[in-house]
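Q: sequence first, then the predicted structure, then my questions.
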Amino acid sequence: MNATLESALRTAKRIYITTWSPAGKPGTVPVWFMAKDGCVYFTTLRRSLKSRRIKAGGRMKVAVASADGPAFEGRAEWVDDRPDLEEEVLRTYRRKYPILVPLFMGRRIRRRLASKESVLIRITPD
């Protein structure tokens, strides 16, 4: 990952991930994220379209801060049985999103991860 992307990831509030259907149709959505050790992590419902597409193929494009921001391609995968990373993501979310996470979203995300309704996703850049 180049210095421009690393800098953008340090300051951005969200990333825009693009996944593709088996037919090749793209879909782009914004997500909250945590950057760590050259990878990017986020949580999502296991039944979400992005989660199912990741499970099926894993290829994705990541744009930082806006859909047309600096971007990279990589491979995404489900990360199961890593409560330490889940907690680190939640701590990062509390710092980056100081209103929504402590008041509302943090408990929901934690509960869904604990019940396996949600999954932690890791994106490794190419």
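A: Received, thanks.

Q: by mean pLDDT, flag the weakest helix or strand of the chain.
A: Every helix and strand of the chain was ranked by mean pLDDT, DSSP states H and E. The lowest is helix 100, at a mean of 68.

Q: next one: the following helix or strand past it to chain centre, how far?
A: Using DSSP states H and E, the helix or strand that follows helix 100 in sequence is helix 106-114. In terms of C-alpha atoms, centre = their mean, to the nearest Å, the centre of helix 106-114 is set 15 Å apart from its chain centre.

Q: so for helix 106-114, mean pLDDT?
A: Computed over helix 106-114, the mean pLDDT rounds to 87.

Q: residue contacts, the most far-flung residue of the chain relative to its centre?
A: No residue in the chain has its C-alpha farther from the mean C-alpha position than residue 23, which lies at 23.1 Å (C-alpha atoms, centre = their mean). In this structure, residue 23 makes contact with no residue, judged by C-beta atoms under 8 Å, 6 or more residues apart in numbering. Yep, even glycine has a C-beta here, placed from its N, CA and C like the rest.

Q: on the three-state scheme, it is what?
A: Here residue 23 takes the coil state, with states given by DSSP: H, G, I helix; E, B strand; the rest coil.

Q: same question for residue 18.
A: Assigned by three-state DSSP, the conformation of residue 18 is strand.

Q: check residue 44 too.
A: Going by three-state DSSP, the state assigned to residue 44 is strand.

Q: what's the local residue count around it?
A: Using other C-beta atoms under 10 Å as the criterion, residue 44 is surrounded by 22 other residues.

Q: give me the beta-bridge partners of the most centrally placed residue in the chain?
A: The centre of the chain sits closest to residue 42, judged by C-alpha atoms, centre = their mean, with a distance of 2.7 Å. Listed beta-bridge partners, residue 42: residue 121 (assigned using DSSP bridges).

Q: swap in residue 77?
A: In beta-bridge terms (that is, DSSP bridges), residue 77 pairs with residue 122.
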